[in-house]
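**Q** What follows is a predicted protein model with its sequence.
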Amino acid sequence: MEEHNVNFGRCGRCSEAVHGADGACRAMGQIFHNKCFTCSSCQKMLRGEPFYTISGKLYCEDDFMYSGIHPAPEACASCGHPLQDEVLQACGASYHPSCFRCVLCGQSLEEQPFTVDTENRKVYCVNDYHKVKAHRCAACKMPILPTEGSTDCIRVVSLNRSYHVECFGSEVDLI
């Protein structure tokens, strides 16, 4: 029996009979005519070439990697460049570790305590957050900040106005 008359099965793309091993190839558990085993985008023959499948379609390496078929890599929320190796995830976004910085002082916040401005979703080191978001004393107009080495602020609130503990007594004396 001659090889070109042997039926090797049905082509995985066109479903027609495949005769002769020279005009066919096997991939993904199926047999294909060489002319059918092509890139869905550029029609390049894929026999003996690296290929990729997405939703049942075949793609050559160039089309898969460089023409938008390949899903775009995730981008850093700060710089916009693709994330490839290390990824820091915080506040529902992904960053290069070196890009996760305080919006005011630029200090790297990798492995550092930080806080977020809930209105604008800006990321701050703890010190800068207190400087920007702290209540202002009604007497001296300075921000009410945590004492050195602490993360807690003590403020006195009277008549909807905030005071340092020290300033509240002097304000009462002025009344």
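**A** Structure's in. What do you need?
**Q** quick one: the strands in this structure?
**A** For the chain, the strands defined by DSSP state E occupy 7-10, 17-19, 24-27, 30-33, 51-54, 57-60, 88-90, 93-95, 114-117, 122-125, 156-158, 161-163.
**Q** Out of these, the one nearest residue 134 is which?
**A** strand 161-163 (9.0 Å; CB to CB). Where C-beta positions appear, they are placed from N, C-alpha and C, glycine not excepted.
**Q** Show me what the closest one is packed up against.
**A** If you count contacts as 3 or more CB pairs under 8 Å, 6 or more residues apart in numbering; DSSP states H and E, strand 161-163 packs onto strand 156-158.
**Q** Which strands border the strand it packs on, and is each parallel or antiparallel?
**A** Strand 156-158 has the following strand partners under DSSP bridges: strand 161-163 (antiparallel).
**Q** Could you list the buried residues of the partner strand?
**A** Neighbour-count burial for strand 161-163, counted by 16 or more other CB atoms under 10 Å, picks out 162, 163.
**Q** so how far is that strand from its chain's centroid?
**A** The chain centre lies 41 Å from the centre of strand 161-163; the measure is CA atoms, centre = their mean, to the nearest Å.
**Q** List the contacts of that strand.
**A** Strand 161-163 has contacts (CB atoms under 8 Å, 6 or more residues apart in numbering) with 135, 136, 137, 138, 139, 144, 155, 156, 157, 171.
**Q** Find me the pLDDT at the fourth one, would you?
**A** The per-residue pLDDT reported for residue 138 equals 89.
**Q** Please apply the same query to the first one.
**A** Model confidence at residue 135, given as pLDDT, is 87.
**Q** Determine the number of other residues adjacent to it.
**A** 16 (other CB atoms under 10 Å).
**Q** and what of the fifth one?
**A** The local packing count at residue 139 equals 18, with neighbours defined by other CB under 10 Å.
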